[in-house]
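Engineer: just the structure for this:
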Amino acid sequence: MHLNQMTTSGSEKLADLRKRQKEIENRIAKEEARVNAIARKKRTQYLIVFAATILADLEHHPETASIEERLRRGATGDRERKILRAFGWSV
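Structural biologist: Below is the predicted model:
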């Protein structure tokens, strides 16, 4: 094999590897964006359930001081309790 052919072959391989690297980097960025969007959605759901539960209980039991007690009473649905448990509340 001639020296010129080896250099061309090596350059082509490097170009191919760089192209694949870019494709992988793009796939990683898309997956990171997807994961972040899911995390934001879960956080938003939690905040909505948390606030709604506290506000609803506050209307019915203004004398109660404990947030955890309000959450226990106010989180009536399984989905609400599951979301609150995912963030560390024992309801």
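Engineer: and after the helix or strand bottoming out on mean pLDDT in the chain, which helix or strand comes next?
Structural biologist: Ranked by mean pLDDT, DSSP states H and E, the helix or strand of the chain with the weakest confidence is helix 67-74, at a mean of 80. Counting by DSSP states H and E, the element after helix 67-74 in chain order, helix or strand, is helix 78-86.
Engineer: which other residues reach that next one?
Structural biologist: 42, 45, 46, 49, 50, 53, 71, 75, 91 (Cβ atoms under 8 Å, 6 or more residues apart in numbering). No exception for glycine: its C-beta is placed from N, CA and C like everyone else's.
Engineer: if we can go back for a sec, which elements pack onto the least confident helix or strand of the chain?
Structural biologist: Helix 67-74 sits against helix 3-60, with contacts defined as 3 or more Cβ pairs under 8 Å, 6 or more residues apart in numbering; DSSP states H and E.
Engineer: and the helix it packs on, what other elements does it pack with?
Structural biologist: helix 67-74, helix 78-86.
Engineer: closest to residue 36 out of those helices?
Structural biologist: helix 78-86 (17.0 Å; Cβ to Cβ).
Engineer: now do the closest one: distance to the chain's middle.
Structural biologist: 16 Å (Cα atoms, centre = their mean, to the nearest Å).
Engineer: got it, and stretch 72-88?
Structural biologist: 19 Å.
Engineer: list the buried residues for it?
Structural biologist: 72, 73, 74, 75, 80, 81, 83, 84 (16 or more other Cβ atoms under 10 Å).
Engineer: which two among those are spaced furthest apart?
Structural biologist: 73 and 83 (16.0 Å).
Engineer: find the centremost residue of the chain, please.
Structural biologist: residue 39 (1.7 Å; Cα atoms, centre = their mean).
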